[in-house]
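Q: with the sequence up front, the predicted model follows.
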Amino acid sequence: MNKLIVPYSPEYGNPNTVFSEPQKLGEPEKNRALDYSLKGDKDKDFSIGLDDLTEAVQYYFDKVLKLSVIQNNTKINVPVIYGTPENWKSVQEDGYYRDQTGKLFAPLIMYKRTSTTPNRGLGNKLDGNKVHNVQLFEKRWNSRNNYGNFTVLAERTPEKEYVVAITPDYVTIEFECMMWTYLVEQMDKLIEILNFSSRSYWGDPNRFQFYSQIETFNDDIAYEIGEDRAVMTRFNLTLNGYLIPDSVNKSVASANRYFGASQVLFGMEVASNTAQQKENMKKPQFKQNSRVLAADSINNLITLGGVDTGTLQYLILNMQIVGSYVNPTQAIFGKGWAVAPTSLPNNNIDNFTFFVNGQHIEKTAITTWQDNGNGTSTLIIDPSVLKFSFDSTDLIIAIGKFQA
């Protein structure tokens with residue numbers, strides 16, 4: 001969208017981002033000036049993949065559920081393994097998982113990721129080549145804000161550093177799981193635990209957690225003559241996750257760091273001629289100057305030091321007065337203008353802002369704004385420029401430097 005903005009000054013060109021390399025067909029745009037070195041930075045590049053989702057399932061089985069059964073009055077932990085292609089194929093053919101000696105291995109849980117479905121109903125990055133949907137996280141401190149005497153004297157505003165993270169792709173992961181035990185009673189205990197843990201967040205609390213759910217448990221008990229007796233249950237585990245790949249296009253699409261604007265503010269000195277300016281430079285500077293943060297009628301923030309009380313009161317003066325309807329082009333306000341100190345310009349229309357029913361009135365639509373000299377002020381508008389006239393029910397407001 002930046003390319004569609006018209007430059008405000010043809011002399012200096014477009015103030016928006018200009019890419020240092022010509023864009024090639026099929027390649028994302030890249031500006032090398034926006035690259036920021038990560039040398040010495042403790043914040044690692046954020047990414048999350050399918051392996052992280054699988055590890056979250058394994059962590060929850062091993063560290064949270066800690067499944068176990070009672071066999072011959074002995075507590076036996078239930079191993080949980082991922083179904084590699086070789087093991088999964090063997091289980092599909094035999095119906096069981098056997099160890100190297102050919103013995104039926106039970107109790108046991110084996111799971112395998114079967115599908116990954118994008119969830120288009122949630123937020124997305126909008127464009128993989130040029131991300132327009134990101135999240136900013138402000139850091140508390142960075143090396144560019146080192147404390148120093150110049151920072152204190154010049155009243156330097158600290159520069160803020162932000163870590164940028166792109167909006168992930170939300171996906172739904174399906175895991176097919178199988179459980180084996182020797183007895184139905186053992187299987188019932190495992191199903192009860194898993195059913196209770198369904199519809200909760202699985203994973204490491206210090207890393208990633210994902211909402212999971214189990215809908216159905218399908219039982220299968222084998223009593224074939226000459227075959228091993230075992231109880232097997234199948235169930236599907238659904239995980240709602242998200243992905244941010246550790247790839248080139250992700251790095252191009254998102255900036256890892258972003259810095260806010262830094263500002264250095266100085267005190268105000270007024271001089272009418274060169275001689276007075278030289279005299280001001282000879283004045284001793286106080287170690288502690290009074291400071292005030294003032295807002296004028298157009299919400300400009302200024303920082304002042306060493307200003308007399310009368311001037312400060314005038315600068316911070318910003319009153320709101322409701323006007324009275326006179327006719328379709330005229331309104332009167334029950335306050336006169338404040339008198340500016342001799343060191344400042346005379347009070348004028350630039351120190352006032354006008355609104356009618358919450359809509360701002362531009363200065364070009366104002367024909368006259370004057371102090372009547374009797375504690376009132378009159379506003380006259382040009383309806384042809386404003387595109388409407390005053391009405392007796394309108395709320396007309398003026399904000400500015402009125403008499404206190």
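A: Now that the structure is in, tell me what you want to look at. Numbering: from 1, shown residues only.

Q: look up which helix or strand the residue lying closest to residue 341 once chain neighbours are set aside falls in, please.
A: With CB to CB, 6 or more residues apart in numbering as the criterion, residue 341 has its nearest non-adjacent residue at 4.9 Å, and that residue is residue 311. (C-beta placed from N, C-alpha, C; glycine too.) If you go by DSSP states H and E, residue 311 is part of helix 309-316.

Q: helices or strands up against that helix?
A: On a contact count with 3 or more CB pairs under 8 Å, 6 or more residues apart in numbering; DSSP states H and E, helix 309-316 meets strand 291-295, strand 301-305.

Q: before we move on, back to that, my read: the residue nearest to residue 341 touches residue 343, true?
A: Yes. Between residue 311 and residue 343 there is a contact under CB atoms under 8 Å: 6.3 Å.

Q: now the element after the helix holding residue 311, going C-ward?
A: Later in the chain than helix 309-316, the nearest helix or strand by DSSP H and E is strand 319-322.

Q: please name every helix or strand in contact with that following strand.
A: strand 396-400.

Q: contacts for the strand it packs on, please.
A: 297, 318-325, 331, 333, 351-356, 377, 379, 390 (CB atoms under 8 Å, 6 or more residues apart in numbering).

Q: what about burial for those, which qualify?
A: With burial judged by 16 or more other CB atoms under 10 Å, the buried subset of the contacts of strand 396-400 is 297, 318, 321, 323, 331, 333, 351-354, 356, 377, 379, 390.

Q: tabulate the residues you listed (JSON lines), appending pLDDT.
A: Converted to JSON lines, the buried ones among the contacts of strand 396-400 look like this (pLDDT from 0 to 100):
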{"residue": "297", "pLDDT": "35"}
{"residue": "318", "pLDDT": "85"}
{"residue": "321", "pLDDT": "91"}
{"residue": "323", "pLDDT": "92"}
{"residue": "331", "pLDDT": "93"}
{"residue": "333", "pLDDT": "93"}
{"residue": "351", "pLDDT": "89"}
{"residue": "352", "pLDDT": "92"}
{"residue": "353", "pLDDT": "90"}
{"residue": "354", "pLDDT": "92"}
{"residue": "356", "pLDDT": "89"}
{"residue": "377", "pLDDT": "93"}
{"residue": "379", "pLDDT": "93"}
{"residue": "390", "pLDDT": "90"}
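
Q: reformat these as TSV; add secondary structure and distance to residue 100.
A: Shown next, in TSV, are the buried ones among the contacts of strand 396-400 (DSSP: H, G, I helix; E, B strand; the rest coil; distance: CB to CB, whole Å):
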residue	secondary structure	distance to residue 100
297	coil	85
318	coil	85
321	strand	92
323	coil	94
331	strand	95
333	strand	95
351	helix	90
352	strand	90
353	strand	85
354	strand	89
356	strand	88
377	strand	98
379	strand	95
390	coil	94
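
Q: pick out the shakiest of the helices and strands packed on helix 309-316, pLDDT-wise.
A: Lowest mean pLDDT of the helices and strands packed on helix 309-316: strand 291-295, a mean of 36.

Q: picking up where we left off before, and residue 311 and residue 343? which has more neighbours close in?
A: residue 311 (17 against 13; other CB atoms under 10 Å).

Q: now the more buried one: how far from residue 327?
A: 38 Å (CB to CB, to the nearest Å).

Q: secondary structure element holding the residue nearest to residue 382 when sequence neighbours are not counted?
A: Computed as CB to CB, 6+ apart, the closest residue to residue 382 that is not its neighbour in sequence is residue 367, at 5.0 Å. Using DSSP H and E, residue 367 sits within strand 366-371.
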